[in-house]
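Chemist: sequence first, predicted model second:
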Amino acid sequence: MTATSQHTARVELTVGQVAETFGVTVRTLHHYDAVGLVVPSARTHAGYRLYADADLTRLASVVTYRRLGLSLDEVQSLLDGDGTAEEHLRRQRDAVVSRLDELAELVTAIDRALEREMEQQPATTEDLKELFGDGFSEEYQAEAQERWGDTDAWTQSASRTKRYTKADWEQVKADQEASGRRLVEAMQAGHPPTSTEAMDAAEAARLVIHRWFYDCDHTFHRGLADMYVADPRFTKTYEDQAPGLAQYVHDAIHANADRHQPA
């Protein structure tokens with residue numbers, strides 16, 4: 001490249017080369033030139049403009065400030081203001097740090113919004129497996145749907161639970177475990193199934209079902225109690241918690257239902 005400058009060692013680039021190097025368009029460079037923001041200071045023998053070292057340094061500052069969101073007037077004011085090169089670099093650094101702080105706050109706000117959005121998403125099958133472990137089985141879910149899928153209780157339960165988030169299911173699990181502990185504690189304390197302690201625990205278990213899954217009156221709860229001792233899988237669930245618990249729960253549920261029967 002031939003230029004009018006006799007200092008051949010310095011860098012002098014054409015508009016196209018500068019555009020490619022800095023990731024800006026030729027049109028943008030022409031605009032910066034027209035408004036006096038970055039004016040190429042060198043020339044070829046043919047009169048074409050070239051960007052010298054000082055021009056490239058100034059352009060680098062312009063690109064940095066523009067990426068920080070400053071207007072062209074603000075950029076020109078910063079670059080053409082009084083002060084040494086060191087002071088200008090410090091101003092540039094302060095502007096970058098300030099922008100970084102703003103971006104960090106923005107990222108935090110976005111993360112919080114994303115967490116809130118994710119918390120409102122219905123729980124996935126993997127979420128349920130993680131929460132309930134062996135207590136959740138896709139095969140059993142399919143069997144249960146085939147067995148009870150045409151009942152009102154199943155329809156109501158499916159309608160409710162399809163919207164439950166992972167946090168909802170965590171609360172379901174906590175409520176179920178709490179009601180289960182009450183029944184175990186009543187049995188282990190020696191309270192008979194007909195005692196107030198056992199019947200209250202049975203009532204708490206009914207209300208968990210009623211709250212989270214479907215309308216469960218005392219008559220329906222009796223039917224569930226019968227299933228707890230008739231179906232080995234349900235029986236095992238209770239027996240794993242404490243030997244004899246399945247029958248105890250069955251009897252406590254029936255006693256509680258009797259207690260609530262109209263006189």
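Modeler: Done, it's in.

Chemist: all helices of the stretch 1-150 of the chain, in order?
Modeler: 15-22, 26-34, 53-67, 72-80, 85-119, 125-132, 138-148 (DSSP state H, counting those that start in this stretch).

Chemist: highest average neighbour count across these?
Modeler: helix 53-67 (a mean of 17; mean count of other CB atoms under 10 Å). In this view, the C-beta of every residue, glycine as well, is placed from N, C-alpha and C.

Chemist: can you check what angle separates that helix from helix 72-80?
Modeler: Interaxial angle, helix 53-67 versus helix 72-80 (axes from the mean of the first three to the mean of the last three CA atoms, to 10 degrees): 140 degrees.

Chemist: distance check, the closest residue to residue 161 other than its chain neighbours against residue 154.
Modeler: Of all residues beyond its chain neighbours, the one nearest residue 161 is residue 213 (6.9 Å), with distances taken as CB to CB, 6 or more residues apart in numbering. Look at residue 213 and residue 154: by CB to CB, to the nearest Å, they are 9 Å apart.

Chemist: swap in residue 88?
Modeler: For residue 88, the distance to residue 154 (CB to CB) stands at 73 Å.

Chemist: again, but for residue 16
Modeler: 70 Å.

Chemist: now do residue 114
Modeler: In this view, residue 114 and residue 154 are 34 Å apart by CB to CB.

Chemist: can you list the weak-confidence ranges in this structure?
Modeler: Scanning the chain for pLDDT under 70 picks out 1-10, 82-85, 113, 116-120, 123, 128, 131, 134-149, 263.

Chemist: quick check: domain ranges of it?
Modeler: According to automatic domain parsing, the chain comprises the domains 1-80, 82-120, 125-260.

Chemist: residue 181: how many residues sit nearby?
Modeler: Neighbours of residue 181 under the rule other CB atoms under 10 Å: 12.

Chemist: now swap in residue 187 and tell me
Modeler: 23.

Chemist: could you pull up the residues touching the residue nearest to it when sequence neighbours are not counted?
Modeler: Counting by CB to CB, 6+ apart, the nearest residue to residue 187 once its immediate chain neighbours are dropped is residue 248, at 4.7 Å. If you count contacts by CB atoms under 8 Å, 6 or more residues apart in numbering, residue 248 has them with 183, 187, 193, 198.

Chemist: which residue ranges form the strands in the stretch 101-250 of the chain?
Modeler: For the stretch 101-250 of the chain, applying DSSP state E, counting those that start in this stretch gives no strands.

Chemist: if I look at the closest residue to residue 212 other than its chain neighbours, how far off is residue 245?
Modeler: Setting aside the residues directly before and after it, residue 212 is nearest to residue 172 in space (CB to CB, 6+ apart), at 5.1 Å. Using CB to CB, residue 172 is found at 20 Å from residue 245.

Chemist: same deal with residue 110?
Modeler: Taking CB to CB, one finds residue 110 at 49 Å from residue 245.

Chemist: then residue 229?
Modeler: 11 Å.

Chemist: higher neighbour count, the two?
Modeler: Applying other CB under 10 Å to residue 229 and residue 245 shows that residue 245 carries more neighbours, namely 21 against 15.

Chemist: pretty sure the more buried one sits against residue 238.
Modeler: Yes - between residue 245 and residue 238 there is a contact under CB atoms under 8 Å: 4.2 Å.

Chemist: so what touches stretch 92-108?
Modeler: With contact meaning CB under 8 Å, 6+ apart, stretch 92-108 is reached by 61, 64, 65, 68, 69, 70, 78.

Chemist: out of those, which is nearest to residue 205?
Modeler: Comparing these against residue 205 with CB to CB places residue 69 closest, at 59.5 Å.

Chemist: count residues in the vicinity of the closest one, would you?
Modeler: If we define neighbours as other CB under 10 Å, then residue 69 has 10 of them.

Chemist: could you measure from the residue nearest to it when sequence neighbours are not counted over to residue 64?
Modeler: Spatial nearest neighbour of residue 69, chain neighbours left out: residue 99 (7.3 Å); criterion: CB to CB, 6+ apart. To residue 64, residue 99 is 10 Å away according to CB to CB.
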